[in-house]
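Visitor: Got a sequence here, can you model it:
(chains A and B)
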There are 2 protein chains.
Amino acid sequence: MNSTPYTIEPIGHVRSALTQIQDAPMQGDEGAPEAWLELSTLVAQGLAGIKVGDELIVLTWLHLAQRDVLQVHPRGDPDRPLTGVFATRSPDRPNPVGLHRVLVLEVAEQKLRVVPLEAIDGTPIVDVKPVLAGSDPSDR
Amino acid sequence: MNSTPYTIEPIGHVRSALTQIQDAPMQGDEGAPEAWLELSTLVAQGLAGIKVGDELIVLTWLHLAQRDVLQVHPRGDPDRPLTGVFATRSPDRPNPVGLHRVLVLEVAEQKLRVVPLEAIDGTPIVDVKPVLAGSDPSDR
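Guide: Numbers count the residues shown, from 1 in each chain, chains lettered A, B, ... in the order given. A predicted model of the protein is given here:
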């Protein structure tokens, strides 16, 4: 692509009973389980203020995605016409950042238990943000 | 931080009349203008399927942000207690990815005119995703 690359350093990792990508639902609201967001000690103080019951947007790095894919059949359905990845939620895309809306179930020292999360165990976490009042962000 | 860094290569850049960060509203719904998302030729086919009237989530790289900030006074208000950046929408955070919900006003060959967008001119674009039906993602 055409310019300066930027480096993401994961702030932590997803800990989940989902270990195989083929077992993961396509979206959190399609039956995804709860999971832990385990943050690095170095950034744990960034969690201050997050409480049980908060709704968060979690950005992940979908590390198993293919980055050279620009068009896909939505939801892997060959009957649906090829569509640009930016018009889909395919994990395969140039910068495979996953967007997940979750509810906080438990806050521990440097980790959060959240639901639902379709990302598999070991998925790097890029960022965590609060849902803004009056908005309702979607998953992945 | 504690693991493999990942590299984001911008898929394009924001073209906006907003050129100074101090002129940018904190959130898109606080009076942000329209802007163009100008994609790299190399990834332009990823836009196929995006139409006028679509609602998109745009992820940007807030390249002027400070990455070593872990706690802030929300909205820069010293009367509000120091809060972890992951509990705020501060642009200053370890991985400064901006999240913006926009409406598509115009689709050109490799660019989209959208509104509202509080990111300044030249901001690198990380990803573009559709808003999922029934959801309503928030800004930044």
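Visitor: Confirm that A:Gly46 sits in a helix.
Guide: Yes - looking at A:Gly46 with DSSP: H, G, I helix; E, B strand; the rest coil, it is inside a helix.
Visitor: gap between it and A:Glu118?
Guide: 24 Å (Cβ to Cβ, to the nearest Å). (Glycine included, C-beta is placed from N, CA and C.)
Visitor: cool, and A:Gln27?
Guide: For A:Gln27, the distance to A:Glu118 - Cβ to Cβ - is 6 Å.
Visitor: Looking at the two, which one has more neighbours?
Guide: A:Glu118 (27 against 19; other Cβ atoms under 10 Å in any protein chain shown).
Visitor: Contacts only, for the closest residue to the more buried one other than its chain neighbours.
Guide: Excluding its sequence neighbours, the residue lying closest to A:Glu118 (Cβ to Cβ, 6 or more residues apart in numbering or on different chains) is A:Ala32, at 3.9 Å. Taking Cβ atoms under 8 Å, 6 or more residues apart in numbering or on different chains, we find A:Ala32 in contact with A:Leu18, A:Ala24, A:Pro25, A:Val115, A:Pro116, A:Leu117, A:Glu118.
Visitor: Which two of the residues you listed have the greatest separation?
Guide: Using Cβ to Cβ, the two most remote members of these are A:Ala24 and A:Val115, lying 14.3 Å apart.
Visitor: Compare neighbour counts for those two and give me the winner.
Guide: A:Ala24 (22 against 13).
Visitor: Can you check the pLDDT for the more buried one?
Guide: On pLDDT, A:Ala24 comes in at 86.
Visitor: any idea how far it lies from A:Pro116?
Guide: The value you get for A:Ala24 to A:Pro116, if Cβ to Cβ is used, is 11 Å.
Visitor: and what of A:Leu103?
Guide: Taking Cβ to Cβ, one finds A:Leu103 at 8 Å from A:Pro116.
Visitor: So if I had to pick from the two, which one is more boxed in?
Guide: A:Pro116 (19 against 16).
Visitor: for that one, what are its contacts?
Guide: Here A:Pro116 is in contact with A:Gly28, A:Asp29, A:Gly31, A:Ala32, A:Pro33, A:Glu34, A:Val102, A:Asp139 (Cβ under 8 Å, 6+ apart).
Visitor: Could you do A:Ile50 as well?
Guide: Applying Cβ under 8 Å, 6+ apart, the residues contacting A:Ile50 are A:Leu56, A:Val104, A:Val107, A:Leu112, A:Val128, A:Pro130, B:Gly84, B:Phe86, B:Ala87.
Visitor: I'd like to know which elements the lengthiest strand in chain A is packed against.
Guide: Assignment by DSSP state E gives strand A:97-107 as the longest strand of chain A. Here strand A:97-107 touches strand A:55-61, strand A:111-115, strand B:55-61, strand B:124-130, going by 3 or more Cβ pairs under 8 Å, 6 or more residues apart in numbering or on different chains; DSSP states H and E.
Visitor: Could you report the neighbour count for A:Gly31?
Guide: With other Cβ under 10 Å as criterion, A:Gly31 counts 11.
Visitor: correct me, but it touches A:Pro25?
Guide: Yes - with contact defined as Cβ atoms under 8 Å, A:Gly31 reaches A:Pro25; the gap is 5.1 Å.
Visitor: what about the closest residue to A:Trp61 other than its chain neighbours, neighbour count?
Guide: Leaving aside its chain neighbours, A:Trp61 sits nearest to A:Pro124 (4.3 Å; criterion: Cβ to Cβ, 6+ apart). Residues within reach of A:Pro124, counting by other Cβ under 10 Å, total 25.
Visitor: Good, we can wrap up now.
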